[in-house]
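> Predicted model, plus sequence, below.
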Amino acid sequence: MCAKYSLYITDEKERYFHIYHKVQKEGAEREQVEAKIERMTKFLKKQQGKVVEFGDAYGKYFDLIYYDKDGVFMYANEKADVIERELELCGYFVIVTSQKMTAKEAISLYKSRDDSEKLFRGDKSYLGNKSLRVYTDGSISAKIFVEFIALIVRCKIYTRLVTAMKEMENKQNYMTVPAALKELEKIEMLRQYNGVYCLDHAVTATQKTILKAFGVDADYIKHRAKRISEQLTLANEKKGREDHG
């Protein structure tokens, strides 16, 4: 469901509200609400006969009855309509967008941003940002900058692999960032007896699948390997002339 409203009273631009419902989310949220009401009920019963004040949360779900003469708390009645209304809303959530889009597009965009946030939180895990292990401000700035660039690159690799995997019939274990990088590291060049560098072995089917996610094929790898070999040969020849010159 999609509706068009202003987000707040003084909002000059209308927003698009996309309303969703998830059955699993409904079950979990109903349990949380019911458990919360039960805890509050038990607490209120223990306070009967005491001079005590409660927070706004208790006033939201209960009518609190006091003995007017001395302010002693007597008992509480559940606000059945309020509790029932909250239970009815369980499982629903809203995504607000500034641009017009379908509900499917909105949820896809939300999920992609959620993945990015998780990726940045993971910086502490796979980029070592939990402990900086440096002592000067300059070193800290440099390390954080390098990590930030690395995180951008990793995020790009991640999104390309996820996009490619959606087009595959079966989910492959090698289409994760660590597994893909480990597989691509196997593409190596070795120096032959004649001093010419070439690929150690042909690009495998698995490597071809991973490379396809980045718009690269085996022919490109062969071309780059040949180019690198030529550059290394020229560099070695130049060094040899300088050593004998």
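In hand now; what should we look at?

> Leaving out sequence neighbours, find the closest residue to M74.
Once flanking residues are discounted, M74 sits nearest to I65: 4.8 Å by CB to CB, 6 or more residues apart in numbering. For the C-beta atoms, the positions are set from N, CA and C on the backbone; glycine is no exception.

> What is the burial count for that neighbour?
Using other CB atoms under 10 Å, I65 has 12 neighbouring residues.

> now Y61: how far from K13?
36 Å (CB to CB, to the nearest Å).

> Between the two, which is the more surrounded one?
Y61 (19 against 7).

> what helix or strand does I149 sit in?
helix 137-166 (DSSP states H and E).

> Next: R85.
R85 belongs to helix 80-88 when assigned by DSSP H and E.

> what comes up buried for that helix?
83, 86 (16 or more other CB atoms under 10 Å).

> Just give the strands next to the helix or strand just after that helix in its sheet, each with its orientation.
Using DSSP H and E, the helix or strand that follows helix 80-88 in sequence is strand 92-97. Sheet pairing of strand 92-97 (DSSP bridges) gives strand 14-21 (antiparallel).

> Give me the contacts around the strand it pairs with.
Outside strand 14-21, the residues that touch it by CB atoms under 8 Å, 6 or more residues apart in numbering are 1-7, 91-101, 103, 106-107.

> Buried only: go through those residues for me.
Among the contacts of strand 14-21, those buried by neighbour count (16+ other CB under 10 Å) are 91, 95, 97, 101, 106.

> any idea which of the residues you listed is closest to V51?
V51 lies nearest to G91 out of the buried ones among the contacts of strand 14-21, by CB to CB, at 40.2 Å.

> Next, that closest one: phi, psi?
Main-chain dihedrals, G91, degrees, to the nearest 10: phi 90, psi -10.

> Spatially, and excluding backbone neighbours, which residue is closest to it.
Leaving out its chain neighbours, the residue that sits closest to G91 by CB to CB, 6+ apart is E26, at 2.6 Å.

> Give me the distance between the helix holding R85 and the centre of its chain.
How far helix 80-88 lies from its chain's middle: 33 Å, per CA atoms, centre = their mean, to the nearest Å.

> cool, stretch 47-66 as well?
41 Å.

> Just the buried positions in it, please.
For stretch 47-66, the buried set under the neighbour-count rule, 16+ other CB under 10 Å, comprises 47, 58, 61-62, 64.

> In a markdown table: those, plus distance to V82 and pLDDT.
Output for the buried residues of stretch 47-66, formatted as a markdown table (distance: CB to CB, whole Å; pLDDT from 0 to 100):
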| residue | distance to V82 | pLDDT |
| --- | --- | --- |
| Q47 | 20 | 92 |
| Y58 | 12 | 93 |
| Y61 | 6 | 94 |
| F62 | 9 | 95 |
| L64 | 13 | 93 |
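
> quick one: which of these is nearest to E183?
Distance to E183 across the buried residues of stretch 47-66 (CB to CB) is lowest for Y61, with 55.4 Å.

> isn't that closest one right up against K79?
Yes - counting by CB atoms under 8 Å, K79 is a contact partner of Y61 at 5.7 Å.

> N77 - that's part of a strand, no?
Yes - using DSSP: H, G, I helix; E, B strand; the rest coil, the secondary structure at N77 is a strand.

> how about the buried ones among the contacts of strand 14-21, which pair is most distant?
Checking those with CB to CB, the most distant pair is G91 and M101, at 22.5 Å.
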